[in-house]
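Sequence and predicted structure are below.
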Amino acid sequence: MEQGSYLVIDERVLPEIYQKVVYAQSLLESGEASSTSEAVRLAGISRSVYYKYKNAVFPYTKKEEAGILTVQFLLMDRPGVLVSLLTVFYEAGANILTVNQNIPVKGRAFVSVSAKVEKMQRSPSELLECLKQVSGVIKIDSIID
């Protein structure tokens with residue numbers, strides 16, 4: 001595996017130690033722990049374990065706080081589908097940054113939309129659920145940066 005590459009893994013399949021490192025980090029960030037020693041004690045891990053993994057283990061949900069959501073769609077090629085998707089973003093309060101659409105092939109088009117989502121009235125997961133309901137959407141994949 002090349003150095004610097006990342007994997008997204010369900011935490012339930014990993015050893016508990018990684019969750020404890022993330023917990024210790026959150027204690028420090030929130031101010032619940034005033035020092036690394038206090039954070040690792042509350043998390044139930046050693047300082048050496050914390051320092052070994054602290055720069056390598058991060059919660060995926062933190063990416064959501066950065067505020068940019070990229071959604072990739074496979075859409076039916078018919079009038080109104082794209083504007084319906086963009087309307088869902090608008091109604092949620094998302095600020096669309098980019099829209100990229102490929103030329104339709106065999107009645108289907110690939111579209112990618114990136115939007116700032118930090119000031120939305122809905123959560124990104126609620127937005128995705130609304131987008132799935134749009135008539136003409138075949139498939140959705142999302143990335144939160």
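Nice, thanks for sending it over.

For the protein, which residues score under the pLDDT cut-off?
Low-confidence segments of the chain (pLDDT under 70): 1-4, 60-66, 144-145.

Please repeat the previous calculation with a cut-off of 80.
Residues of the chain meeting the criterion pLDDT under 80: 1-8, 58-67, 143-145.

show me the residues around residue 127 that make contact.
Counting by CB atoms under 8 Å, 6 or more residues apart in numbering, residue 127 touches 69, 88, 89, 92, 94, 117, 120. Yep, even glycine has a C-beta here, placed from its N, CA and C like the rest.

In helices only, show me the residues you listed.
Among these, the ones falling in helices (DSSP state H) are 88, 89, 92.

Pipe those residues into a markdown table and attach neighbour count and distance to residue 143 per row.
Shown next, in a markdown table, are the ones in helices among the contacts of residue 127 (neighbours: other CB atoms under 10 Å; distance: CB to CB, whole Å):
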| residue | neighbour count | distance to residue 143 |
| --- | --- | --- |
| 88 | 19 | 17 |
| 89 | 21 | 15 |
| 92 | 18 | 17 |
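
now, which of these sits nearest residue 23?
Residue 23 lies nearest to residue 92 out of the ones in helices among the contacts of residue 127, by CB to CB, at 31.1 Å.

packing partners for the longest helix anywhere in the chain?
Counting residues, the longest helix in the chain under DSSP H turns out to be helix 16-30. Contacts defined by 3 or more CB pairs under 8 Å, 6 or more residues apart in numbering; DSSP states H and E place helix 16-30 against helix 36-43, helix 47-53.

Perfect, I'm done here.
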